[in-house]
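1. I would like to see how this sequence folds:
(one chain, ligands or ions: 2)
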Amino acid sequence: MIIAPSLLASDFSRAGREAHRVDQSGADWLHLDIMDGHFVPNISFGPALVKAVRPFCKLPFDVHLMCEKPEILLEPFVQAGADHMIVHVELGEQVMQLIWKIKSFGKKVGLAMNPPTAIATVLPFLEKIDSLLIMTVNPGFGGQGFIEETLPKIQQAAEWRTERKLNFHIEVDGGINFQTAAECARVGADTFVSGTTLFSQRSMKAAVKKMRKIINAHDPALADLAV
Ligand code: DX5
Ligand code: ZN
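-> Ligands and ions are numbered 1, 2, ... in the order given. Model prediction:
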């Protein structure tokens, strides 16, 4: 089980300290949401900020590119210290090439999908990716409500993963709080991106501990063992 706080929900005026807070929280990855104002109706931050916070957090950097032209951004984010690069399946024909390009940099590959996108769209790529990111809100903004209709997609992805003996992470992103994390864990998610919930707590460390306890308690693999 992986917990990845999203820097989007942090106080940008103290980004380095916020990245350090994540580093010290017991979380596993730092999630970085890159928005270009075209693929989504918002702009967040770019490689310069990622590079500036890199020395403050030793965790893997999980870079989520909500961008129309990720091909021009891969190298700058590699230089800035990205460890995982996530591109969206909605980009269509370019996706396979983007996957190979990320691999050519020696980085882990993530494939993301928006709530309205059918789960079958990711089928051709499952053997080539390290994580499948299922958006549980429409991308663009933090602090939105979880879309319950995305749960069957998580369950389907988990079934395909077992049937095909694959081991990509199933990552959920958007509206993840203690309750929705449990719902996602129950149907097979293993990686939890959470912005508003984790950053709004006075102690992120306590919040991460609480979320970990909840998701472990809902891990279907462990539930099978208990039977
Ligand atoms: C949404 C981003 C998310 C977002 C999650 O477009 O991809 O990663 O930061 O934030 P919360 O947890 O606030 O929904
Ligand atoms: Zn994200």
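
2. Tell me how many other residues crowd residue 157.
-> The burial metric for residue 157, expressed as a neighbour count using other Cβ atoms under 10 Å, is 24. (Glycine included, C-beta is placed from N, CA and C.)

3. I'd say it and residue 188 touch.
-> Yes: contact between residue 157 and residue 188 holds when scored by Cβ atoms under 8 Å: they sit 6.9 Å apart.

4. Common neighbours of these two, please.
-> Each of residue 170 lies in contact with both residue 157 and residue 188 under the rule Cβ atoms under 8 Å, 6 or more residues apart in numbering.

5. Now do the residue lying closest to residue 25 once chain neighbours are set aside against residue 102, distance only.
-> Leaving out its chain neighbours, the residue that sits closest to residue 25 by Cβ to Cβ, 6 or more residues apart in numbering is residue 204, at 4.1 Å. Residue 204 sits 29 Å away from residue 102, going by Cβ to Cβ, to the nearest Å.

6. neighbour count winner among the two?
-> When residue 204 is set against residue 102 and neighbours are counted by other Cβ under 10 Å, the residue ahead is residue 102, at 28 against 20.

7. element containing that one, please.
-> Following DSSP states H and E, the helix or strand that holds residue 102 is helix 95-104.

8. close to ligand 2, is the following helix or strand past that helix?
-> Moving toward the C-terminus from helix 95-104, the first helix or strand encountered (DSSP H and E) is strand 108-113. No: with Cβ under 5 Å from the ion as the measure, strand 108-113 is seen stopping short of ligand 2, the closest distance being 7.5 Å.

9. do the same with stretch 82-98
-> No: using Cβ under 5 Å from the ion as the criterion, no contacts between stretch 82-98 and ligand 2 are found, and the smallest distance is 7.5 Å.

10. Then stretch 59-75?
-> Yes: when contact is scored as Cβ under 5 Å from the ion, part of stretch 59-75 falls within range of ligand 2: residue 64.

11. and that stretch, how far out from the chain's middle?
-> A distance of 12 Å separates the C-alpha centroid of stretch 59-75 from that of its chain, computed with Cα atoms, centre = their mean, to the nearest Å.

12. Same check on stretch 9-22?
-> Taking the mean of its C-alpha atoms, stretch 9-22 sits 18 Å from the chain's own mean (Cα atoms, centre = their mean).
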